[in-house]
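Student: missing the sequence, but the structure's below:
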(Lines give C-alpha, C1' and ligand atoms only; values in the text may rest on other atoms or scores of the structure.)
Protein backbone atom coordinates (compact mmCIF):
# COMPACT_ATOMS: atom_id res chain seq x y z
CA UNK A 1 0.00 0.00 0.00
CA UNK A 2 1.18 3.49 -0.86
CA UNK A 3 0.63 4.66 2.73
CA UNK A 4 3.16 2.15 4.06
CA UNK A 5 5.62 3.04 1.29
CA UNK A 6 5.47 6.71 2.24
CA UNK A 7 5.89 5.99 5.98
CA UNK A 8 8.93 3.83 5.23
CA UNK A 9 10.42 6.47 2.93
CA UNK A 10 9.94 9.26 5.51
CA UNK A 11 11.43 7.15 8.31
CA UNK A 12 14.44 6.34 6.13
CA UNK A 13 15.00 10.02 5.30
CA UNK A 14 14.77 11.03 8.96
CA UNK A 15 17.36 8.36 9.81
CA UNK A 16 19.66 9.71 7.10
CA UNK A 17 19.35 13.10 8.77
CA UNK A 18 20.29 11.54 12.12
CA UNK A 19 16.76 11.68 13.52
CA UNK A 20 15.35 8.43 14.96
CA UNK A 21 12.58 7.51 17.35
CA UNK A 22 10.18 10.20 16.11
CA UNK A 23 6.46 9.42 16.00
CA UNK A 24 4.89 11.28 13.09
CA UNK A 25 1.47 11.20 11.46
CA UNK A 26 0.69 10.49 7.82
CA UNK A 27 -2.91 11.34 7.01
CA UNK A 28 -5.25 12.51 4.28
CA UNK A 29 -5.78 16.29 4.08
CA UNK A 30 -9.39 17.36 4.63
CA UNK A 31 -9.24 19.13 1.24
CA UNK A 32 -8.01 16.79 -1.51
CA UNK A 33 -6.82 19.83 -3.46
CA UNK A 34 -3.93 20.01 -0.98
CA UNK A 35 -2.76 16.53 -1.92
CA UNK A 36 -3.46 12.88 -1.22
CA UNK A 37 -1.33 12.55 1.91
CA UNK A 38 0.20 14.97 4.40
CA UNK A 39 2.70 14.49 7.22
CA UNK A 40 3.78 16.46 10.26
CA UNK A 41 7.18 14.68 10.33
CA UNK A 42 9.19 17.90 10.06
CA UNK A 43 7.08 19.59 12.73
CA UNK A 44 7.55 16.85 15.34
CA UNK A 45 11.22 16.16 14.45
CA UNK A 46 12.34 19.80 14.41
CA UNK A 47 12.96 20.05 18.15
CA UNK A 48 14.96 16.86 18.23
CA UNK A 49 17.01 18.05 15.23
CA UNK A 50 17.30 21.55 16.71
CA UNK A 51 16.15 23.07 13.43
CA UNK A 52 13.40 25.32 12.16
CA UNK A 53 10.45 23.09 11.05
CA UNK A 54 10.26 24.71 7.62
CA UNK A 55 14.01 24.30 7.07
CA UNK A 56 13.85 20.66 8.13
CA UNK A 57 10.84 20.11 5.84
CA UNK A 58 12.87 21.41 2.89
CA UNK A 59 15.69 18.95 3.69
CA UNK A 60 13.23 16.05 4.00
CA UNK A 61 11.53 16.95 0.71
CA UNK A 62 14.86 17.19 -1.13
CA UNK A 63 15.83 13.69 0.00
CA UNK A 64 12.39 12.27 -0.78
CA UNK A 65 12.51 13.66 -4.30
CA UNK A 66 15.96 12.16 -4.77
CA UNK A 67 14.43 8.70 -4.23
CA UNK A 68 12.63 9.10 -7.60
CA UNK A 69 9.49 7.31 -6.46
CA UNK A 70 7.32 7.21 -9.59
CA UNK A 71 4.20 6.66 -7.46
CA UNK A 72 4.58 10.22 -6.13
CA UNK A 73 4.18 12.98 -8.72
CA UNK A 74 4.47 16.02 -6.45
CA UNK A 75 5.79 16.88 -2.97
CA UNK A 76 5.42 20.35 -1.52
CA UNK A 77 5.55 22.19 1.79
CA UNK A 78 2.61 23.98 3.36
CA UNK A 79 2.46 26.43 6.24
CA UNK A 80 5.16 26.14 8.90
CA UNK A 81 6.38 22.74 7.71
CA UNK A 82 3.64 20.30 6.71
CA UNK A 83 4.64 18.11 3.75
CA UNK A 84 1.99 17.24 1.15
CA UNK A 85 2.16 14.38 -1.35
CA UNK A 86 0.28 14.01 -4.63
CA UNK A 87 0.02 10.42 -5.83
CA UNK A 88 0.17 9.24 -9.46
CA UNK A 89 -3.17 8.29 -11.06
CA UNK A 90 -1.79 4.85 -11.92
CA UNK A 91 -1.56 4.07 -8.19
CA UNK A 92 -5.30 4.65 -7.73
CA UNK A 93 -6.01 2.53 -10.81
CA UNK A 94 -3.95 -0.35 -9.38
CA UNK A 95 -5.66 -0.12 -6.01
CA UNK A 96 -9.11 0.03 -7.57
CA UNK A 97 -8.25 -3.04 -9.66
CA UNK A 98 -7.06 -4.76 -6.49
CA UNK A 99 -10.33 -3.92 -4.78
CA UNK A 100 -12.38 -5.42 -7.61
CA UNK A 101 -10.32 -8.62 -7.63
CA UNK A 102 -10.36 -8.99 -3.83
CA UNK A 103 -14.12 -9.38 -3.57
CA UNK A 104 -15.20 -10.54 -0.11
CA UNK A 105 -11.66 -9.95 1.19
CA UNK A 106 -11.52 -6.31 0.03
CA UNK A 107 -10.27 -4.20 2.92
CA UNK A 108 -8.99 -7.08 5.01
CA UNK A 109 -5.40 -7.34 6.33
CA UNK A 110 -3.08 -9.83 8.01
CA UNK A 111 -1.94 -7.66 10.94
CA UNK A 112 -3.08 -10.23 13.52
CA UNK A 113 -2.37 -13.39 11.54
CA UNK A 114 -1.36 -16.18 13.91
CA UNK A 115 -2.89 -14.44 16.94
CA UNK A 116 -5.73 -15.75 19.10
CA UNK A 117 -8.27 -13.25 20.38
CA UNK A 118 -11.33 -13.78 22.59
CA UNK A 119 -14.00 -11.09 22.69
CA UNK A 120 -16.51 -11.20 25.54
CA UNK A 121 -19.66 -9.15 25.10
CA UNK A 122 -23.44 -8.87 25.60
CA UNK A 123 -23.47 -10.80 28.93
CA UNK A 124 -27.21 -10.76 29.71
CA UNK A 125 -28.24 -12.36 32.97
CA UNK A 126 -30.84 -15.16 32.97
CA UNK A 127 -34.02 -14.27 34.90
CA UNK A 128 -33.67 -10.61 33.85
CA UNK A 129 -34.68 -8.61 30.78
CA UNK A 130 -32.42 -8.29 27.75
CA UNK A 131 -32.34 -4.50 27.80
CA UNK A 132 -30.85 -1.85 25.54
CA UNK A 133 -27.61 -1.86 27.53
CA UNK A 134 -27.11 -5.43 26.32
CA UNK A 135 -27.98 -4.19 22.82
CA UNK A 136 -25.11 -1.70 23.08
CA UNK A 137 -22.64 -4.36 24.22
CA UNK A 138 -23.81 -6.85 21.60
CA UNK A 139 -23.54 -4.36 18.74
CA UNK A 140 -20.08 -3.10 19.72
CA UNK A 141 -18.74 -6.54 20.59
CA UNK A 142 -19.89 -8.12 17.36
CA UNK A 143 -18.33 -5.33 15.30
CA UNK A 144 -15.02 -5.50 17.17
CA UNK A 145 -15.01 -9.29 16.71
CA UNK A 146 -15.44 -8.86 12.97
CA UNK A 147 -12.74 -6.17 12.76
CA UNK A 148 -10.33 -8.54 14.49
CA UNK A 149 -11.33 -11.37 12.16
CA UNK A 150 -10.69 -9.03 9.23
CA UNK A 151 -7.18 -8.51 10.63
CA UNK A 152 -6.42 -12.22 10.33
CA UNK A 153 -6.74 -13.35 13.95
CA UNK A 154 -8.40 -16.53 15.10
CA UNK A 155 -11.34 -14.93 16.87
CA UNK A 156 -13.64 -16.49 19.43
CA UNK A 157 -16.77 -14.88 20.81
CA UNK A 158 -17.69 -15.35 24.45
CA UNK A 159 -20.75 -14.53 26.52
CA UNK A 160 -20.51 -14.44 30.33
CA UNK A 161 -23.79 -14.68 32.20
CA UNK A 162 -24.87 -14.32 35.79
CA UNK A 163 -26.98 -17.42 36.30
CA UNK A 164 -26.54 -17.26 40.07
CA UNK A 165 -26.73 -14.34 42.44
CA UNK A 166 -29.24 -12.24 44.32
CA UNK A 167 -31.13 -11.32 41.13
CA UNK A 168 -31.92 -15.01 40.55
CA UNK A 169 -33.06 -15.42 44.15
CA UNK A 170 -35.38 -12.41 43.76
CA UNK A 171 -36.96 -14.00 40.68
CA UNK A 172 -37.41 -17.39 42.40
CA UNK A 173 -38.91 -15.66 45.45
CA UNK A 174 -41.33 -13.83 43.13
CA UNK A 175 -42.28 -17.09 41.41
CA UNK A 176 -43.01 -18.64 44.80
CA UNK A 177 -45.08 -15.70 46.01
CA UNK A 178 -47.12 -15.62 42.80
CA UNK A 179 -47.60 -19.41 43.08
CA UNK A 180 -46.31 -20.09 39.55
CA UNK A 181 -45.67 -23.79 38.97
CA UNK A 182 -42.35 -24.76 37.40
CA UNK A 183 -43.90 -26.05 34.19
CA UNK A 184 -45.89 -22.79 33.87
CA UNK A 185 -42.83 -20.54 33.90
CA UNK A 186 -42.75 -18.58 30.64
CA UNK A 187 -40.84 -15.48 29.62
CA UNK A 188 -43.49 -12.91 30.56
CA UNK A 189 -44.19 -14.48 33.96
CA UNK A 190 -40.48 -14.75 34.64
CA UNK A 191 -39.92 -11.05 33.93
CA UNK A 192 -42.85 -10.09 36.16
CA UNK A 193 -41.65 -12.37 38.96
CA UNK A 194 -38.20 -10.82 38.89
CA UNK A 195 -39.64 -7.28 38.88
CA UNK A 196 -41.89 -8.18 41.83
CA UNK A 197 -39.07 -9.84 43.80
CA UNK A 198 -36.61 -7.06 43.09
CA UNK A 199 -39.02 -4.31 44.09
CA UNK A 200 -40.05 -6.17 47.23
CA UNK A 201 -36.43 -6.59 48.25
CA UNK A 202 -35.62 -2.93 47.65
CA UNK A 203 -38.72 -1.71 49.52
CA UNK A 204 -38.16 -3.99 52.51
CA UNK A 205 -36.21 -2.83 55.53
CA UNK A 206 -32.71 -4.18 55.98
CA UNK A 207 -32.86 -7.48 57.86
CA UNK A 208 -36.60 -7.88 57.22
CA UNK A 209 -38.23 -11.29 56.65
CA UNK A 210 -38.46 -10.63 52.89
CA UNK A 211 -34.74 -9.94 52.63
CA UNK A 212 -33.92 -12.94 54.81
CA UNK A 213 -36.10 -15.20 52.64
CA UNK A 214 -34.41 -14.02 49.43
CA UNK A 215 -30.92 -14.34 50.92
CA UNK A 216 -31.78 -17.89 52.04
CA UNK A 217 -33.02 -18.77 48.54
CA UNK A 218 -29.76 -17.38 47.15
CA UNK A 219 -27.80 -19.69 49.44
CA UNK A 220 -29.91 -22.69 48.41
CA UNK A 221 -29.37 -21.91 44.71
CA UNK A 222 -25.60 -21.91 45.23
CA UNK A 223 -25.72 -25.13 47.29
CA UNK A 224 -28.31 -26.85 45.04
CA UNK A 225 -29.89 -28.04 48.30
CA UNK A 226 -33.63 -27.59 47.61
CA UNK A 227 -35.21 -29.79 44.87
CA UNK A 228 -38.22 -27.48 44.41
CA UNK A 229 -36.02 -24.40 44.01
CA UNK A 230 -33.70 -26.35 41.70
CA UNK A 231 -36.66 -27.20 39.45
CA UNK A 232 -37.81 -23.57 39.24
CA UNK A 233 -34.23 -22.45 38.69
CA UNK A 234 -33.58 -24.87 35.82
CA UNK A 235 -36.81 -23.98 34.02
CA UNK A 236 -36.30 -20.23 34.42
CA UNK A 237 -32.68 -20.46 33.25
CA UNK A 238 -33.68 -22.52 30.22
CA UNK A 239 -36.43 -20.08 29.19
CA UNK A 240 -34.06 -17.09 29.51
CA UNK A 241 -31.24 -18.63 27.52
CA UNK A 242 -33.55 -19.75 24.71
CA UNK A 243 -34.97 -16.24 24.47
CA UNK A 244 -31.51 -14.69 24.29
CA UNK A 245 -30.68 -16.92 21.31
CA UNK A 246 -33.71 -15.62 19.40
CA UNK A 247 -32.41 -12.09 19.92
CA UNK A 248 -28.88 -13.00 18.82
CA UNK A 249 -30.32 -14.45 15.63
CA UNK A 250 -32.35 -11.32 15.06
CA UNK A 251 -29.29 -9.13 15.61
CA UNK A 252 -27.05 -11.18 13.35
CA UNK A 253 -24.66 -12.34 16.07
CA UNK A 254 -23.25 -15.49 14.53
CA UNK A 255 -20.02 -17.22 13.65
CA UNK A 256 -21.25 -20.27 11.76
CA UNK A 257 -22.33 -22.51 14.63
CA UNK A 258 -25.93 -23.08 15.63
CA UNK A 259 -25.54 -20.78 18.62
CA UNK A 260 -24.28 -17.23 18.53
CA UNK A 261 -21.18 -17.58 20.71
CA UNK A 262 -18.24 -19.97 20.66
CA UNK A 263 -18.14 -20.00 24.46
CA UNK A 264 -20.81 -19.49 27.11
CA UNK A 265 -19.40 -18.91 30.57
CA UNK A 266 -21.63 -18.87 33.65
CA UNK A 267 -21.15 -17.50 37.14
CA UNK A 268 -22.37 -20.81 38.56
CA UNK A 269 -19.16 -22.34 37.15
CA UNK A 270 -16.71 -19.48 37.68
CA UNK A 271 -17.74 -18.63 41.25
CA UNK A 272 -16.31 -21.65 43.02
CA UNK A 273 -13.00 -21.41 41.18
CA UNK A 274 -12.81 -17.66 41.78
CA UNK A 275 -13.44 -18.20 45.47
CA UNK A 276 -10.58 -20.73 45.67
CA UNK A 277 -8.24 -18.32 43.88
CA UNK A 278 -9.03 -15.55 46.37
CA UNK A 279 -8.73 -17.80 49.41
CA UNK A 280 -5.38 -19.16 48.19
CA UNK A 281 -3.83 -15.69 48.15
CA UNK A 282 -4.04 -14.30 51.72
CA UNK A 283 -1.03 -12.13 50.91
CA UNK A 284 -3.17 -10.24 48.35
CA UNK A 285 -6.68 -10.42 49.80
CA UNK A 286 -7.51 -9.77 53.46
CA UNK A 287 -10.37 -10.40 55.85
CA UNK A 288 -12.58 -7.48 56.84
CA UNK A 289 -15.78 -7.65 58.93
CA UNK A 290 -16.38 -11.27 57.98
CA UNK A 291 -15.74 -10.68 54.26
CA UNK A 292 -12.59 -10.99 52.14
CA UNK A 293 -11.59 -7.79 50.34
CA UNK A 294 -8.94 -6.39 48.05
CA UNK A 295 -7.62 -3.04 49.19
CA UNK A 296 -6.95 -0.95 46.13
CA UNK A 297 -4.00 1.40 46.09
CA UNK A 298 -5.47 4.84 46.77
CA UNK A 299 -2.42 6.44 45.16
CA UNK A 300 -3.57 4.83 41.89
CA UNK A 301 -7.12 6.04 42.45
CA UNK A 302 -8.32 2.53 43.31
CA UNK A 303 -10.81 1.64 46.03
CA UNK A 304 -11.47 -1.40 48.20
CA UNK A 305 -13.71 -4.11 46.74
CA UNK A 306 -15.32 -7.15 48.37
CA UNK A 307 -14.36 -10.44 46.67
CA UNK A 308 -16.06 -12.86 49.09
CA UNK A 309 -19.03 -11.56 51.06
CA UNK A 310 -20.03 -12.20 54.68
CA UNK A 311 -22.15 -15.18 53.63
CA UNK A 312 -19.00 -16.79 52.21
CA UNK A 313 -20.20 -16.37 48.62
CA UNK A 314 -17.96 -15.05 45.82
CA UNK A 315 -18.86 -11.63 44.43
CA UNK A 316 -18.68 -10.52 40.80
CA UNK A 317 -15.05 -9.56 41.39
CA UNK A 318 -13.98 -13.04 42.48
CA UNK A 319 -15.94 -14.62 39.64
CA UNK A 320 -14.32 -12.32 37.08
CA UNK A 321 -10.90 -13.17 38.46
CA UNK A 322 -11.59 -16.87 38.06
CA UNK A 323 -13.11 -16.28 34.64
CA UNK A 324 -9.82 -14.93 33.23
CA UNK A 325 -8.10 -18.27 33.89
CA UNK A 326 -11.12 -20.35 32.81
CA UNK A 327 -11.21 -18.47 29.50
CA UNK A 328 -7.52 -19.06 28.92
CA UNK A 329 -7.87 -22.77 29.70
CA UNK A 330 -10.66 -23.00 27.11
CA UNK A 331 -8.84 -20.93 24.47
CA UNK A 332 -5.20 -19.88 25.07
CA UNK A 333 -5.66 -16.31 23.89
CA UNK A 334 -3.06 -13.69 23.06
CA UNK A 335 -5.64 -11.01 23.80
CA UNK A 336 -8.86 -11.08 25.81
CA UNK A 337 -11.21 -8.16 25.18
CA UNK A 338 -13.99 -7.57 27.71
CA UNK A 339 -16.81 -5.17 26.76
CA UNK A 340 -18.96 -3.61 29.48
CA UNK A 341 -20.87 -0.45 30.28
CA UNK A 342 -18.73 2.38 31.60
CA UNK A 343 -20.51 2.26 34.98
CA UNK A 344 -18.11 -0.54 35.98
CA UNK A 345 -14.92 1.28 34.91
CA UNK A 346 -13.69 1.88 38.48
CA UNK A 347 -14.50 -1.68 39.50
CA UNK A 348 -12.66 -3.07 36.49
CA UNK A 349 -9.53 -1.06 37.31
CA UNK A 350 -9.48 -2.70 40.75
CA UNK A 351 -10.06 -6.13 39.21
CA UNK A 352 -7.17 -5.69 36.74
CA UNK A 353 -4.92 -4.49 39.56
CA UNK A 354 -5.71 -7.61 41.58
CA UNK A 355 -5.32 -9.79 38.48
CA UNK A 356 -1.88 -8.26 37.89
CA UNK A 357 -0.81 -9.82 41.20
CA UNK A 358 -2.64 -13.15 40.88
CA UNK A 359 -2.43 -13.80 37.12
CA UNK A 360 0.09 -11.23 35.83
CA UNK A 361 0.38 -12.76 32.33
CA UNK A 362 -3.39 -12.80 31.87
CA UNK A 363 -3.72 -9.23 33.11
CA UNK A 364 -1.26 -8.12 30.43
CA UNK A 365 -3.39 -9.88 27.81
CA UNK A 366 -6.68 -8.33 28.99
CA UNK A 367 -8.27 -5.25 27.40
CA UNK A 368 -11.32 -3.52 28.83
CA UNK A 369 -13.57 -1.65 26.40
CA UNK A 370 -16.37 0.35 28.02
CA UNK A 371 -19.36 2.03 26.41
CA UNK A 372 -21.94 4.61 27.43
CA UNK A 373 -25.70 4.28 27.71
CA UNK A 374 -28.37 4.12 25.02
CA UNK A 375 -31.21 6.55 25.63
CA UNK A 376 -34.32 7.84 23.93
CA UNK A 377 -34.53 11.56 22.98
CA UNK A 378 -36.92 12.24 25.86
CA UNK A 379 -34.27 11.12 28.31
CA UNK A 380 -36.69 8.62 29.81
CA UNK A 381 -35.21 5.28 30.73
CA UNK A 382 -38.40 3.32 30.18
CA UNK A 383 -40.79 2.49 27.37
CA UNK A 384 -44.51 3.07 27.82
CA UNK A 385 -44.61 0.35 30.46
CA UNK A 386 -42.01 -1.15 32.74
CA UNK A 387 -38.81 0.15 34.24
CA UNK A 388 -36.49 -1.06 31.53
CA UNK A 389 -36.34 -0.43 27.78
CA UNK A 390 -35.98 -3.93 26.37
CA UNK A 391 -34.12 -4.71 23.16
CA UNK A 392 -37.24 -6.36 21.77
CA UNK A 393 -39.33 -3.24 22.37
CA UNK A 394 -36.81 -0.99 20.60
CA UNK A 395 -36.41 -3.37 17.64
CA UNK A 396 -40.16 -3.80 17.25
CA UNK A 397 -40.79 -0.07 17.54
CA UNK A 398 -38.14 0.75 14.93
CA UNK A 399 -39.51 -1.89 12.56
CA UNK A 400 -43.09 -0.63 13.01
CA UNK A 401 -41.99 2.94 12.26
CA UNK A 402 -40.35 1.86 8.99
CA UNK A 403 -43.37 -0.15 7.86
CA UNK A 404 -45.61 2.81 8.68
CA UNK A 405 -43.52 5.46 6.93
CA UNK A 406 -42.11 3.54 3.95
CA UNK A 407 -44.91 2.57 1.62
CA UNK A 408 -44.80 -1.05 0.54
CA UNK A 409 -41.73 -1.95 2.61
CA UNK A 410 -41.62 -5.78 2.88
CA UNK A 411 -41.31 -7.04 6.44
CA UNK A 412 -37.80 -8.56 5.93
CA UNK A 413 -36.55 -5.21 4.57
CA UNK A 414 -38.14 -3.32 7.47
CA UNK A 415 -36.55 -5.76 9.93
CA UNK A 416 -33.10 -5.41 8.34
CA UNK A 417 -33.41 -1.62 8.24
CA UNK A 418 -34.53 -1.49 11.89
CA UNK A 419 -31.48 -3.48 13.02
CA UNK A 420 -29.24 -1.34 10.79
CA UNK A 421 -30.70 1.87 12.21
CA UNK A 422 -30.04 0.86 15.81
CA UNK A 423 -26.59 -0.62 15.19
CA UNK A 424 -25.38 2.31 13.11
CA UNK A 425 -26.61 4.85 15.68
CA UNK A 426 -24.48 3.03 18.27
CA UNK A 427 -21.39 2.48 16.13
CA UNK A 428 -21.13 5.94 14.59
CA UNK A 429 -19.95 7.32 17.94
CA UNK A 430 -16.55 6.79 19.53
CA UNK A 431 -16.40 4.63 22.66
CA UNK A 432 -17.58 5.78 26.05
CA UNK A 433 -20.22 8.24 24.87
CA UNK A 434 -23.92 7.97 25.62
CA UNK A 435 -26.09 7.40 22.54
CA UNK A 436 -29.38 9.18 21.89
CA UNK A 437 -31.53 7.04 19.60
CA UNK A 438 -33.61 9.47 17.57
CA UNK A 439 -36.23 7.51 15.63
CA UNK A 440 -36.68 10.04 12.81
CA UNK A 441 -32.97 10.48 12.09
CA UNK A 442 -31.88 6.89 12.66
CA UNK A 443 -34.64 5.35 10.50
CA UNK A 444 -34.24 7.78 7.60
CA UNK A 445 -33.27 6.38 4.19
CA UNK A 446 -31.51 9.69 3.53
CA UNK A 447 -28.59 11.15 5.44
CA UNK A 448 -26.54 9.81 8.32
CA UNK A 449 -28.15 6.44 9.03
CA UNK A 450 -27.81 2.68 8.64
CA UNK A 451 -30.79 2.39 6.25
CA UNK A 452 -29.18 5.05 4.03
CA UNK A 453 -26.07 2.88 3.69
CA UNK A 454 -28.22 -0.16 2.89
CA UNK A 455 -30.22 1.80 0.32
CA UNK A 456 -27.03 3.05 -1.37
CA UNK A 457 -25.68 -0.51 -1.58
CA UNK A 458 -28.96 -1.67 -3.12
CA UNK A 459 -28.67 1.16 -5.67
CA UNK A 460 -25.25 -0.11 -6.82
CA UNK A 461 -26.73 -3.61 -7.19
CA UNK A 462 -29.59 -2.24 -9.30
CA UNK A 463 -27.22 -0.38 -11.63
CA UNK A 464 -25.00 -3.43 -12.13
CA UNK A 465 -28.06 -5.61 -12.74
CA UNK A 466 -29.28 -3.21 -15.44
CA UNK A 467 -25.81 -3.21 -16.99
CA UNK A 468 -26.09 -6.94 -17.58
CA UNK A 469 -22.90 -8.26 -19.10
CA UNK A 470 -21.42 -4.84 -19.86
CA UNK A 471 -17.67 -4.50 -19.29
CA UNK A 472 -16.43 -3.41 -15.86
CA UNK A 473 -12.91 -2.04 -16.35
CA UNK A 474 -10.65 0.33 -14.46
CA UNK A 475 -8.90 1.60 -17.60
CA UNK A 476 -10.48 4.81 -18.83
CA UNK A 477 -9.82 7.60 -21.30
CA UNK A 478 -10.04 10.69 -19.09
CA UNK A 479 -7.50 11.82 -16.50
CA UNK A 480 -9.92 12.95 -13.77
CA UNK A 481 -10.06 10.26 -11.13
CA UNK A 482 -12.26 12.43 -8.94
CA UNK A 483 -12.92 12.24 -5.22
CA UNK A 484 -14.83 8.96 -5.31
CA UNK A 485 -12.01 6.72 -6.49
CA UNK A 486 -9.50 8.28 -4.11
CA UNK A 487 -11.97 7.81 -1.28
CA UNK A 488 -12.66 4.18 -2.17
CA UNK A 489 -9.05 3.03 -2.04
CA UNK A 490 -8.75 4.27 1.56
CA UNK A 491 -10.97 1.44 2.80
CA UNK A 492 -8.12 -0.90 3.88
CA UNK A 493 -6.54 1.96 5.87
CA UNK A 494 -9.83 2.60 7.64
CA UNK A 495 -10.34 -1.09 8.48
CA UNK A 496 -6.81 -1.40 9.81
CA UNK A 497 -7.15 1.68 12.01
CA UNK A 498 -10.56 0.63 13.33
CA UNK A 499 -9.18 -2.81 14.22
CA UNK A 500 -6.05 -1.48 15.91
CA UNK A 501 -7.97 1.08 17.95
CA UNK A 502 -11.02 -1.17 18.55
CA UNK A 503 -13.11 1.70 17.19
CA UNK A 504 -15.87 0.72 14.71
CA UNK A 505 -16.90 4.37 14.33
CA UNK A 506 -14.02 4.86 11.88
CA UNK A 507 -15.73 2.40 9.52
CA UNK A 508 -19.22 3.80 10.10
CA UNK A 509 -18.22 7.39 9.37
CA UNK A 510 -16.13 6.40 6.35
CA UNK A 511 -19.04 4.47 4.81
CA UNK A 512 -21.31 7.49 5.09
CA UNK A 513 -18.70 9.57 3.29
CA UNK A 514 -18.48 6.96 0.50
CA UNK A 515 -22.26 6.73 0.20
CA UNK A 516 -22.68 10.48 -0.03
CA UNK A 517 -19.94 10.81 -2.64
CA UNK A 518 -21.41 7.97 -4.71
CA UNK A 519 -24.94 9.38 -4.59
CA UNK A 520 -23.56 12.76 -5.68
CA UNK A 521 -21.70 11.00 -8.51
CA UNK A 522 -24.89 9.12 -9.43
CA UNK A 523 -26.95 12.32 -9.42
CA UNK A 524 -24.54 14.11 -11.74
CA UNK A 525 -23.53 11.27 -14.04
CA UNK A 526 -25.24 9.00 -16.51
CA UNK A 527 -23.53 5.72 -15.80
CA UNK A 528 -25.11 3.52 -18.46
CA UNK A 529 -24.51 5.85 -21.40
CA UNK A 530 -22.65 3.53 -23.79
CA UNK A 531 -19.61 5.83 -23.94
CA UNK A 532 -15.98 4.80 -23.59
CA UNK A 533 -16.16 5.80 -19.91
CA UNK A 534 -19.06 3.48 -19.08
CA UNK A 535 -16.85 0.53 -18.13
CA UNK A 536 -14.89 2.74 -15.73
CA UNK A 537 -18.05 4.18 -14.17
CA UNK A 538 -19.33 0.63 -13.70
CA UNK A 539 -16.01 -0.28 -12.06
CA UNK A 540 -16.50 2.57 -9.60
CA UNK A 541 -20.09 1.48 -8.97
CA UNK A 542 -19.05 -2.12 -8.34
CA UNK A 543 -16.26 -1.02 -6.00
CA UNK A 544 -18.68 1.19 -4.04
CA UNK A 545 -21.07 -1.74 -3.66
CA UNK A 546 -18.28 -4.04 -2.47
CA UNK A 547 -16.96 -1.44 -0.04
CA UNK A 548 -20.39 -0.80 1.44
CA UNK A 549 -21.18 -4.51 1.71
CA UNK A 550 -17.86 -5.38 3.37
CA UNK A 551 -18.00 -2.30 5.57
CA UNK A 552 -21.55 -3.02 6.69
CA UNK A 553 -20.51 -6.60 7.47
CA UNK A 554 -17.83 -5.20 9.77
CA UNK A 555 -20.58 -3.27 11.57
CA UNK A 556 -22.70 -6.40 11.89
CA UNK A 557 -25.26 -5.01 9.41
CA UNK A 558 -26.66 -6.91 6.42
CA UNK A 559 -26.51 -5.33 2.96
CA UNK A 560 -29.67 -6.31 1.01
CA UNK A 561 -29.42 -6.31 -2.79
CA UNK A 562 -32.89 -4.80 -3.05
CA UNK A 563 -34.77 -2.33 -0.86
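Tutor: Cool, the structure landed. Keep in mind that what you see is a predicted model, and the values were worked out from it rather than measured.
Student: switch to C-alpha atoms for all contacts and neighbour counts from now on
Tutor: Fine.
Student: which residue is nearest the middle of the chain?
Tutor: When CA atoms, centre = their mean is applied to the chain, the residue found nearest the centroid is residue 140 (2.7 Å).
Student: residues touching that one, list them.
Tutor: With CA atoms under 8 Å, 6 or more residues apart in numbering as the criterion, the residues that contact residue 140 are 426, 427, 504.
Student: quick one: it and residue 229, what's the gap?
Tutor: Remark: distance between residue 140 and residue 229 (CA to CA, to the nearest Å) = 36 Å.
Student: tell me which residues in stretch 19-27 are buried?
Tutor: Going by neighbour count (16 or more other CA atoms under 10 Å), the buried part of stretch 19-27 is 24, 26.
Student: Show me what it is in contact with.
Tutor: Surrounding stretch 19-27, the residues in contact under the criterion CA under 8 Å, 6+ apart are 3, 7, 11, 14, 37-41, 44-45, 48-49.
Student: Kindly recompute the last result at 6 Å.
Tutor: Under the criterion CA atoms under 6 Å, 6 or more residues apart in numbering, residues 37, 38, 39, 40, 41 lie in contact with stretch 19-27.
Student: Which element, helix or strand, includes the residue lying closest to the last one once chain neighbours are set aside?
Tutor: With CA to CA, 6 or more residues apart in numbering as the criterion, residue 41 has its nearest non-adjacent residue at 4.9 Å, and that residue is residue 24. Secondary structure here is read from DSSP states H and E; on that basis residue 24 sits in neither a helix nor a strand.
Student: and if you look at residue 317?
Tutor: For residue 317, the host element (DSSP H and E) is helix 316-330.
Student: On the C-terminal side of that helix, identify the next helix or strand.
Tutor: Downstream of helix 316-330, the next assigned helix or strand under DSSP H and E is strand 335-341.
Student: For the stretch 301-450 of the chain, just list every one of the strands.
Tutor: Counting by DSSP state E, counting those that start in this stretch, the stretch 301-450 of the chain has strands at residues 305-308, 335-341, 366-371, 374-375, 435-436.
Student: Columns mean pLDDT, distance to residue 513 and mean neighbour count on top of those strands, output as JSON lines?
Tutor: JSON lines is the format used below for the strands of the stretch 301-450 of the chain (pLDDT from 0 to 100; distance: least, CA to CA, whole Å; neighbours: other CA atoms under 10 Å):
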{"stretch": "strand 305-308", "mean pLDDT": "96", "distance to residue 513": "46", "mean neighbour count": "23"}
{"stretch": "strand 335-341", "mean pLDDT": "97", "distance to residue 513": "28", "mean neighbour count": "22"}
{"stretch": "strand 366-371", "mean pLDDT": "96", "distance to residue 513": "24", "mean neighbour count": "18"}
{"stretch": "strand 374-375", "mean pLDDT": "85", "distance to residue 513": "24", "mean neighbour count": "20"}
{"stretch": "strand 435-436", "mean pLDDT": "87", "distance to residue 513": "21", "mean neighbour count": "18"}
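Student: so which of those strands gets nearest residue 130?
Tutor: Nearest to residue 130 among the strands of the stretch 301-450 of the chain is strand 374-375 (13.3 Å), distances taken as CA to CA.
Student: That closest one pairs with which strands?
Tutor: For strand 374-375, the paired strands and their directions (DSSP bridges) are strand 435-436 (parallel).
Student: Contacts for the strand it pairs with next, please.
Tutor: Outside strand 435-436, the residues that reach it (CA under 6 Å, 6+ apart) are 374, 375, 376, 377.
Student: which one of those residues sits closest to residue 56?
Tutor: Nearest to residue 56, judged by CA to CA, of the contacts of strand 435-436 is residue 374 at 48.4 Å.
Student: what's the nearest residue to the closest one if we skip its chain neighbours?
Tutor: For residue 374, the spatially nearest residue (CA to CA, 6+ apart) is residue 435, at 4.7 Å.
Student: before we move on, the earlier item: can you redo the strands of the stretch 301-450 of the chain as JSON lines with distance to residue 235?
Tutor: Below are the strands of the stretch 301-450 of the chain laid out as JSON lines (distance: least, CA to CA, whole Å):
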{"stretch": "strand 305-308", "distance to residue 235": "28"}
{"stretch": "strand 335-341", "distance to residue 235": "27"}
{"stretch": "strand 366-371", "distance to residue 235": "32"}
{"stretch": "strand 374-375", "distance to residue 235": "31"}
{"stretch": "strand 435-436", "distance to residue 235": "35"}
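Student: Please name whichever of those is nearest to residue 347.
Tutor: Each of the strands of the stretch 301-450 of the chain was checked against residue 347 via CA to CA, and the shortest separation belongs to strand 305-308, namely 7.7 Å.
Student: Tell me the helices and strands packed up against the closest one.
Tutor: Contacts defined by 3 or more CA pairs under 6 Å, 6 or more residues apart in numbering; DSSP states H and E place strand 305-308 against strand 291-294.
Student: Could you give the average pLDDT over the strand it packs on?
Tutor: Averaging pLDDT along strand 291-294 gives 97.
Student: What of stretch 494-512?
Tutor: For stretch 494-512, mean pLDDT is 97.
Student: Stretch 114-123 now?
Tutor: Across stretch 114-123, the per-residue pLDDT values average to 98.
Student: That stretch: how far from the chain's middle?
Tutor: For stretch 114-123, the separation from the chain centroid amounts to 11 Å (computed by CA atoms, centre = their mean, to the nearest Å).
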